[in-house]
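Student: Provide a 3D model corresponding to the input given below.
(chains A and B)
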Amino acid sequence: AQSVTQPDIHITVSEGASLELRCNYSYGATPYLFWYVQSPGQGLQLLLKYFSGDTLVQGIKGFEAEFKRSQSSFNLRKPSVHWSDAAEYFCAVYKAAGNKLTFGGGTRVLVKP
Amino acid sequence: GAGVSQTPSNKVTEKGKYVELRCDPISGHTALYWYRQSLGQGPEFLIYFQGTGAADDSGLPNDRFFAVRPEGSVSTLKIQRTERGDSAVYLCASSQGLGADTQYFGPGTRLTVL
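Tutor: Presented below is the predicted three-dimensional model:
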């Protein structure tokens, strides 16, 4: 069975500070991994995805994520957050056999001025 | 349209009633997915369509839930005899094909069962 764990339910960060959101997955094969962001009243927007190759993936809005197979992790980072980054972030793993995404519980990010 | 659209954006109903939730996928996308997001949780898979057929409905919680996509485009999620526990945001997504193609999500329908 596959699962995705996001250990941090809430994170508060000051504007301009760095941000790191943790994601751990449990999956037997090479995973396809995604990070989505959900702003209030809006749908999920894809930030970035990892399929293979370079383990450091660049995404939109200045985000990046690093795949670490040895730690079963796919943490999301941003060097300097903006107030508009306040949202909920979801990590997901794609399972080829079922053609579906399995999401973590999400991390809500609050940005202090 | 430019993105996935869902109607209505909000639906309030009474316990025991029947509801239909509609999803218009991105034009040309062959795969369509339904997810349910309960308060404070991540989305959970319900069902996906490849074309007109439901390729995997293993996420539907019980037989009160049913979804159709008769012409391979618009899809309707139908819930019979609604229960308070059905209250959630129902998300629709579409992708160009199968595999790990990016799924593009709609804004969701917030269903409240009183």
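Student: residues near the residue of chain B found nearest chain A, how many?
Tutor: Closest to chain A within chain B is residue B:42: 3.3 Å, counting by C-beta to the nearest C-beta. (C-beta placed from N, C-alpha, C; glycine too.) The tally of other residues near residue B:42 (other C-beta atoms under 10 Å in any protein chain shown) stands at 22.
Student: equivalent analysis for residue A:14, please.
Tutor: 11.
Student: write out the residues of chain B neighbouring chain A.
Tutor: Within reach of chain A by C-beta under 8 Å from any C-beta of the partner chain, chain B has these residues: B:3-4, B:31, B:33, B:35, B:40-45, B:48, B:55-56, B:58-59, B:91, B:93, B:98-100, B:102-108.
Student: one more pass at 10 Å, please.
Tutor: For chain B, the contact set with chain A under C-beta under 10 Å from any C-beta of the partner chain comprises B:3-6, B:9, B:31, B:33, B:35, B:37, B:40-48, B:50, B:55-56, B:58-59, B:89, B:91-93, B:95, B:98-108, B:110.
Student: could you turn the buried ones of those residues into a PyMOL selection?
Tutor: Remark: buried members of the residues of chain B next to chain A, expressed as a PyMOL selection using 16 or more other C-beta atoms under 10 Å in any protein chain shown:
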select buried, chain B and resi 4+5+6+31+33+35+37+42+43+44+45+46+47+48+50+56+59+89+91+92+93+95+100+103+104+105+106+107+108+110
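Student: out of the residues of chain B next to chain A, which are inside helices?
Tutor: Of these, none are assigned to helices by DSSP state H.
Student: okay, the residue of chain B closest to chain A and residue A:83: tell me how far apart.
Tutor: 24 Å (C-beta to C-beta, to the nearest Å).
Student: kindly report the same for residue A:96.
Tutor: Taking C-beta to C-beta, one finds residue A:96 at 38 Å from residue A:83.
Student: more neighbours: which of the two?
Tutor: Neighbour count, other C-beta under 10 Å: between residue A:96 and residue A:83, residue A:96 has more, with 13 against 10.
Student: quick one: pLDDT of that one?
Tutor: The per-residue pLDDT reported for residue A:96 equals 71.
Student: from chain B, how far out is it?
Tutor: Using C-beta to the nearest C-beta, to the nearest Å, we find residue A:96 at a distance of 7 Å from chain B.
Student: okay, now the unreliable bits of chain A?
Tutor: Along chain A, segments meeting pLDDT under 70 span A:1-2, A:28, A:97-98.
Student: looking at it, which residue is nearest chain B?
Tutor: For chain A, C-beta to the nearest C-beta, closest residue to chain B: residue A:103, 3.3 Å.
Student: does that residue touch residue A:4 like I think?
Tutor: Yes. Counting by C-beta atoms under 10 Å, residue A:4 is a contact partner of residue A:103 at 6.3 Å.
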